[in-house]
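got a sequence here, can you build the structure:
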Amino acid sequence: MNYFELYQIPVSFQPDLLAVKKRFYQLSREYHPDFFSNESAEEKDRVLGLSAMVNKAYQIFQDPSAIIKYILQLKGLLEEEEKYQLSPNFLMEVMDLNEQLMDATDEQEKSHVSNSIQTLQSAIYEPIATVISNYEEGITTEKELLQ
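As a prediction, this is how the structure comes out:
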């Protein structure tokens, strides 16, 4: 069972966060280990596993990057611990932004660095924004997902 099935929501890069939160509370009550204290060890283990899965899914649904990674793993397009070689220029830019943020002494400097970070994020996500917003299970192609 994947996280979307567990939460009974459609596979989407942009799940309805209100529905996710509502379902999280329902599942948390349903699979709370305290309600299974008189059950067999096997049943306790099963419920504990489901409870952990509910919590992990909720964490992933809160992070757009984690949702992308999870869906690509579901589709077999990304390995669990797959590593990518990032451009040295990109890494230097990110390190520079981190240093600027740590060295910022006033709100104006922090705001300037924050704007730079948002610009970088936009540059990363802009090429895939259409795929993310128009994703349809079974219709969106593998080629589109690989972007």
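
how near is the residue nearest the centre of the chain to Tyr3?
The centroid of the chain falls nearest to Ala66 when counting by C-alpha atoms, centre = their mean (2.2 Å). Distance of Ala66 to Tyr3, given as C-beta to C-beta, to the nearest Å: 10 Å. Backbone N, C-alpha and C define where each C-beta goes, glycine included.

give me the common contacts of those two.
Ile60 (C-beta atoms under 8 Å, 6 or more residues apart in numbering).

any low-confidence regions in the chain?
Counting by pLDDT under 70, the low-confidence segments of the chain come to 82-84.

how about the helices in it?
3-7, 17-30, 41-61, 64-74, 88-103, 107-125, 129-134, 142-146 (DSSP state H).

and of the ones you listed, who's closest to Glu80?
Comparing the helices of the chain against Glu80 with C-beta to C-beta, the closest turns out to be helix 64-74 (6.5 Å).

contact partners for Tyr7?
Pro15, Ala19, Val20, Arg23, Phe24, Leu27, Ala57, Phe61.

selection in ChimeraX covering whichever of those are buried, please.
Only the buried entries of the contacts of Tyr7 go into this ChimeraX selection, using 16 or more other C-beta atoms under 10 Å:
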select :15,20,23,24,27,57,61
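
could I get the contacts of Tyr7 as TSV with distance to Ile132?
What follows is those, written out as TSV (distance: C-beta to C-beta, whole Å):
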residue	distance to Ile132
Pro15	12
Ala19	18
Val20	16
Arg23	21
Phe24	22
Leu27	25
Ala57	19
Phe61	14
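
picking up where we left off before, so the residue nearest to the centre of the chain sits against Ile60, correct?
Yes - judged on C-beta atoms under 8 Å, Ala66 makes contact with Ile60 at a distance of 4.4 Å.
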